[in-house]
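Trainee: pasting the sequence and the predicted model now:
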4 protein chains.
Amino acid sequence: MFNKTLKKIRVGIIGAAGYGGVSLIEHLINHPHVTIGALIEKYDVNKPISVIYPHLKGFCDLPLLDPADPKCPDDFDIVFYATPDGVGQKEARRWLDKGIKVIDYSGDFRFNDKDSYASYAIRIGRTKEHADPDLLSSSIYGLPELHRAEIACSDLVGNPGCFAVSSILGLAPALKSDLIDSNDIIFDAKSGVSGVGKAPSPPFHFPARYEAMNAYKVAGHQHVCEIERELTLLGGKQIEITFTPHVVPLCRGIITTIYANLRPNVNIKSLRDAYTSMYRKEPFIRVLSHGEISSTTDVRGSNFCNISLNIDSRTGKLIILSLIDNLVKGQAGNALQNMNIMMQIEETTGLMSPGGFP
Amino acid sequence: MFNKTLKKIRVGIIGAAGYGGVSLIEHLINHPHVTIGALIEKYDVNKPISVIYPHLKGFCDLPLLDPADPKCPDDFDIVFYATPDGVGQKEARRWLDKGIKVIDYSGDFRFNDKDSYASYAIRIGRTKEHADPDLLSSSIYGLPELHRAEIACSDLVGNPGCFAVSSILGLAPALKSDLIDSNDIIFDAKSGVSGVGKAPSPPFHFPARYEAMNAYKVAGHQHVCEIERELTLLGGKQIEITFTPHVVPLCRGIITTIYANLRPNVNIKSLRDAYTSMYRKEPFIRVLSHGEISSTTDVRGSNFCNISLNIDSRTGKLIILSLIDNLVKGQAGNALQNMNIMMQIEETTGLMSPGGFP
Amino acid sequence: MFNKTLKKIRVGIIGAAGYGGVSLIEHLINHPHVTIGALIEKYDVNKPISVIYPHLKGFCDLPLLDPADPKCPDDFDIVFYATPDGVGQKEARRWLDKGIKVIDYSGDFRFNDKDSYASYAIRIGRTKEHADPDLLSSSIYGLPELHRAEIACSDLVGNPGCFAVSSILGLAPALKSDLIDSNDIIFDAKSGVSGVGKAPSPPFHFPARYEAMNAYKVAGHQHVCEIERELTLLGGKQIEITFTPHVVPLCRGIITTIYANLRPNVNIKSLRDAYTSMYRKEPFIRVLSHGEISSTTDVRGSNFCNISLNIDSRTGKLIILSLIDNLVKGQAGNALQNMNIMMQIEETTGLMSPGGFP
Amino acid sequence: MFNKTLKKIRVGIIGAAGYGGVSLIEHLINHPHVTIGALIEKYDVNKPISVIYPHLKGFCDLPLLDPADPKCPDDFDIVFYATPDGVGQKEARRWLDKGIKVIDYSGDFRFNDKDSYASYAIRIGRTKEHADPDLLSSSIYGLPELHRAEIACSDLVGNPGCFAVSSILGLAPALKSDLIDSNDIIFDAKSGVSGVGKAPSPPFHFPARYEAMNAYKVAGHQHVCEIERELTLLGGKQIEITFTPHVVPLCRGIITTIYANLRPNVNIKSLRDAYTSMYRKEPFIRVLSHGEISSTTDVRGSNFCNISLNIDSRTGKLIILSLIDNLVKGQAGNALQNMNIMMQIEETTGLMSPGGFP
């Protein structure tokens, strides 16, 4: 276990000024075992992060350092790539070679072989070739509820996509316990706007968005790749899914509504047993009571995933609702959970906040 | 045809001060063939409607009249019941007996027999008995795209539910042309908050709602009854569906995302042909181009239904998006469309507005 | 008067795809005396306007024409410059020389001499030199409530700024009737986000804005110039004001709260008399009853200006609230009102809509 | 100083399920020196607080106890009245007699004599008589920046109103240093909707509010009383102010824009000196740099007050912007700051969070 009495974990954040970076900073500010070593960012170089995000003033006033600057520090215990696809894969080896652990937010290290990565990469319009394919086999998919032990031993973790977190956590116990027909699974996902990131664009301009809801990338979203891979592992057979993402005019929050056909004789009790059994000791999963309605505000600002189990008795459909905050359990909070596991400290450190209401 | 040169249609609105009433008033203000005869409302009696809705000042300043007042006028050509379930069914006969036509917004006249009504009524916690069951057989389900000819001959129309409008219009051509397996149909619906109506309640208090999205009535929503009835008529066999409504923090707009399994050999062209063939002459339906993304703002404030056709080629799933403004095509606009048809005037009169953006 | 029986007014819109352009198109669609001759726009050339604004599909599908294209039509009766500062001043003469009237949305023609224009131009960081200064003396400030007669005779109208409309209309009667000390006037203005226009930028990205309110350009906003000019004309002496604009997270609506010291012996009755006297015949001004609270939703989507008169009896302060929709009375609606006046048709044509609620 | 090694501070919260209560609970959850002894609430008795506010599940699952129940515990070190006006004044003595300290959120203990209280009470439509007037002289106005030493010695603190916090903090240094004419001060305040509290009502129903902004209680808001009292103390002479509150459609945040006439020879430097001098050691006040724009998101979720100093050089007006989160520095956070002071623990304990963005 990390020797907490001797020194603090020194963290570097690359891509520090995006939403995923700033959310991580917010969580690290009061983390008792962490020091932020440097904030690294291509844009707004030398500006204090608190000039860009003034709510951080007095809490974190570190400047943004140019990654291309040779004087940029590199004496970290762990670095986070809070960057878009394609950045971490080019640089990860440099850190790993020095014994520095790496957590990447993007899809760069969510896959373990070149072909799987290529299938993913073409969905986002990138070149099929990974920049450092030899690293793929040693990277771990950073969903603690499914891969905790491997994460604990890993130096390189690919943090999952936000839709993938809600989708996989929502269906894993049903598949693992073989409660559903795995040939016909639908994920209808609704996300708040912060998932698009910090860069402004016409569809997310306030006047254009405040009353606008739409589906996008119908049958083509890139998170399908990692969802199918994990479900296939859980179900023990090849699984293909239908996935439709929607964007709705709130800031934080995802609801993924999952539809599947229950196997005969599965009832609400056996369903609930499968979920409570798998998630009993999970610190950040709440399996809701029967009939309990849950809103995205119940998980906003926190690292929790709320799961509601429902059966349509007329049609035999399983209907699961899986709710997260896309910026916390869907990104920075889950990444910090991975860091805690990798550094052998209490997994929930820095993450036990309920968020705020209203 | 209604003799437009001689006199205007005299309209009475019962329940005039709810959202469905005020939206109807907005549409009637500039309707060239209509005079609003009276606004009738249990609450705020004698107050001008423009005191409650000040945007109407100078456009409609009629007072709200007490329905219990014997002096309340009754010299209408047609009355709208913009009221909750249970009101219209008690009073419709009174108007019909005088030769006055009736359009009811609620579920009171959406079903044609006692048993169908009873199945619906228990879903909303009402008594199973209809107050005037003999009227049921002569009432017409007011979805012009499916029942235009019957509406034109009818004196009593049950205006559809908002979710039902988007669901039925979204799937009708696929069923009618037998393009899908009717045993496994899912409707995932997302609605803006105005669907809840005008009465404040804790889940819709601004601070509680502005960042809140949730599912509700999972597998139990009352609109399922009319959707299944209409789909059964179209498909020629008994159809049961899975339907999950969600509420999202915008004001106006519904997206219903519809999933079904395509029959073998159905491709995007045959799918599109079925839709354009059925809806070619429909004034308020837009079948979108392939790949076109549509947002609720494209139909906000207008009587249009936008329909997007998609196929997930990997899983063979049909994915249809059906978008409406719940207060217009989902309620008051559709009711006015019915009125125009019943009164033999041009169906689009008073309804040809694009809404406003942003 | 324009001969409505012979032909329609042929309108050209330059800058048609901005918010001010699209709002004008929405109003012209059902205008009985207008034909839209061409939509002219530098960006998205040849795309139908209804591809960019899909709510217009079927209502206006005209393509955007390149202003630099020699084949771009010029057979208009009137052109609107729905463009930023600096465009109209370079091109207006070309139209005027052909006998075509011009209405410009920007500050290009709000001032009548070079020096006044220069004072304005430096506030927005532009060169002080006007591109066609000889036109300034013949341009008219397009606020119908103050300059109706001149507008009716003019070929060149500078449409006012949105803050200026609410500010000037809110205070004009008090100044004209000499009810206040003109040395100490404060305007505290709050605007919805659509005032910023269509181009996305970081402060107006949905996630950054949905809970953000701020002041900006404190003591430096450019609309101060035209407000002071008009108030000086009304008050008969040089007037300087304090003006603070704020942006709040709604889409449409301005409230300008105006503070001034009442002259001795002015009471609520004499105040009200001054306003009702000046605005009695104004079709788009509502002087509210004493104590009536007005919200931006009362004017949203309409061309109305709501004015609330209040006196703080303890401090002798006049407190006026002036509410408009910044895109309608604050821009496109007011511009259309000017067009109606200039073309000698009924001033309210195409503008008598209450907007919609909720 | 409170002996932190021996035991925790035992806190009782009356009115625990309102927004002010739940915000306090959120802050106390991770407070190292506090135990929540009981949640007391008239409504929803016996329900766990986490059923009403599900984000608290696992963090605080205490039931709501009936204040009328004789078994309701009373072994606290301090109680908070997070209740409306009129509750705390009837019950405070009971706790004080047992040596238990009291902090009241309402206006019940913001005034030190019967007449001052009466002037306040009539503004909110309450009886002029205070239920326990003898307590008034010993109560302290709980604004730490002005009354820290008295709060530290007090057993009974009246927590300020949210508008009062932003107004007084915004102007105090200017008055204390005699930089302005105290005869002519205007406060134009804009508040998010959460200030209205948890109870739903028509003007705050989501569809009615999402695009609605309005002024209310023009020249009549009750917070004027405490603002004038404190400014009078600071200025050394009787001060009367003009105050206009507005409500805007965001959840959390107040901007108060303050206008006053600067004395001759006051410039931005002397102004800034007065503010930095008075607030240099204040842990929760940020005096912003010249020209820095601040948004409510800079203080959302935190206990900070951001103050921006501006001079309109043309008119000699001082323009100050004072920003807070109405639920934190404007209510629960400030109350906790008072508790820390009263219990002799580090003042910032439990309050050093930056909030979250976006």
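Mentor: Looks like it arrived, so ask away. Numbers count the residues shown, from 1 in each chain, chains lettered A, B, ... in the order given.

Trainee: what about A:Phe304, neighbour count?
Mentor: 28 (other CB atoms under 10 Å in any protein chain shown). For every residue, glycine as well, the C-beta is placed using N, CA and C.

Trainee: now swap in A:Pro84 and tell me
Mentor: A count of nearby residues for A:Pro84, using other CB under 10 Å, gives 18.

Trainee: find me the pLDDT at the closest residue to it other than its chain neighbours, would you?
Mentor: Closest residue to A:Pro84 apart from its sequence neighbours, by CB to CB, 6 or more residues apart in numbering or on different chains: A:Ser106 at 5.9 Å. At A:Ser106, the model reports a pLDDT of 98.

Trainee: helix, strand, or coil at the residue of the stretch 51-200 of chain A found nearest chain B?
Mentor: Closest residue of the stretch 51-200 of chain A to chain B, CB to the nearest CB: A:Asp188 (4.2 Å). What DSSP: H, G, I helix; E, B strand; the rest coil gives for A:Asp188 is strand.

Trainee: list the contacts of the residue lying closest to A:Asn261 once chain neighbours are set aside.
Mentor: The shortest distance from A:Asn261 to any non-neighbouring residue, by CB to CB, 6+ apart, is to A:Asp181 (4.4 Å). Residues in contact with A:Asp181, defined by CB atoms under 8 Å, 6 or more residues apart in numbering or on different chains, are A:Ala260, A:Asn261, A:Leu262, A:Arg263.

Trainee: for C:Leu179, see how far away the spatially closest residue to the last one that is not a sequence neighbour is.
Mentor: Ranked by CB to CB, 6+ apart and with sequence neighbours excluded, the top spatial neighbour of A:Arg263 is A:Leu179, at 5.8 Å. Remark: distance between A:Leu179 and C:Leu179 (CB to CB, to the nearest Å) = 77 Å.

Trainee: do A:Val248 as well
Mentor: Distance of A:Val248 to C:Leu179, given as CB to CB: 49 Å.

Trainee: same drill for these two, tell me which one is more crowded.
Mentor: Ranked by neighbour count (other CB under 10 Å), A:Val248 and C:Leu179 place A:Val248 first, with 26 against 21.

Trainee: of the contacts of A:Asp181, which is the most crowded?
Mentor: When neighbours are counted as other CB under 10 Å, the busiest of the contacts of A:Asp181 turns out to be A:Ala260, with 23 neighbours.

Trainee: what's the angle between the helix or strand hosting that one and strand B:254-261?
Mentor: Taking DSSP states H and E as the definition, A:Ala260 sits inside strand A:254-262. In terms of direction (axes from the mean of the first three to the mean of the last three CA atoms, to 10 degrees), strand A:254-262 departs from strand B:254-261 by 30 degrees.

Trainee: which bits of the stretch 151-300 of chain A sit near chain D?
Mentor: Residues of the stretch 151-300 of chain A lying close to chain D by CB under 8 Å from any CB of the partner chain are A:Ser194, A:Tyr210, A:Cys251, A:Arg252, A:Arg286, A:Glu292, A:Ser294, A:Ser295, A:Thr297, A:Asp298, A:Val299, A:Arg300.

Trainee: for the closest residue to chain D within the stretch 201-350 of chain A, what are its contacts?
Mentor: Closest contact between the stretch 201-350 of chain A and chain D, by CB to the nearest CB, is at A:Asp298 (4.2 Å). A:Asp298 makes contact with A:Phe304, A:Asn306, A:Leu323, D:Pro54, D:His55, D:Lys57, according to CB under 8 Å, 6+ apart.

Trainee: identify, from these, the entry nearest to D:Lys217.
Mentor: Set against D:Lys217, the nearest of these by CB to CB is D:His55 (31.9 Å).

Trainee: in three-state terms, label that closest one for me.
Mentor: Under three-state DSSP, D:His55 falls in the helix class.

Trainee: the one 3 residues further on too?
Mentor: What three-state DSSP gives for D:Gly58 is coil.

Trainee: that one touches A:Ile285, doesn't it?
Mentor: No: applying CB atoms under 8 Å as the test, D:Gly58 and A:Ile285 come out as separate, 10.7 Å apart.

Trainee: quick one, which of those two is more surrounded?
Mentor: A:Ile285 (22 against 15).

Trainee: mind checking pLDDT for that one?
Mentor: If you check A:Ile285, the pLDDT there is 98.

Trainee: and the nearest residue to A:Arg314 once chain neighbours are set aside, what does it touch?
Mentor: Nearest residue to A:Arg314, sequence neighbours excluded (CB to CB, 6+ apart): B:Glu240, at 5.5 Å. Counting by CB under 8 Å, 6+ apart, B:Glu240 touches A:Arg314, A:Thr315, B:Glu228.

Trainee: mind checking the SS state of the last one?
Mentor: Right, B:Glu228. helix.

Trainee: now do it against chain C, distance only.
Mentor: Look at B:Glu228 and chain C: by CB to the nearest CB, to the nearest Å, they are 31 Å apart.

Trainee: run through the residues that contact that residue.
Mentor: Contacts of B:Glu228 (CB under 8 Å, 6+ apart): B:Ile239, B:Glu240, B:Ile241.

Trainee: distance check, it against B:His221.
Mentor: Separation of B:Glu228 from B:His221 (CB to CB) stands at 11 Å.

Trainee: for the nearest residue to A:Phe109 once chain neighbours are set aside, give me the pLDDT.
Mentor: Spatially, and ignoring its direct neighbours in sequence, A:Phe109 is nearest to A:Gly158 (3.3 Å; CB to CB, 6+ apart). Here the pLDDT value assigned to A:Gly158 is 98.

Trainee: nice, that's everything, thank you.
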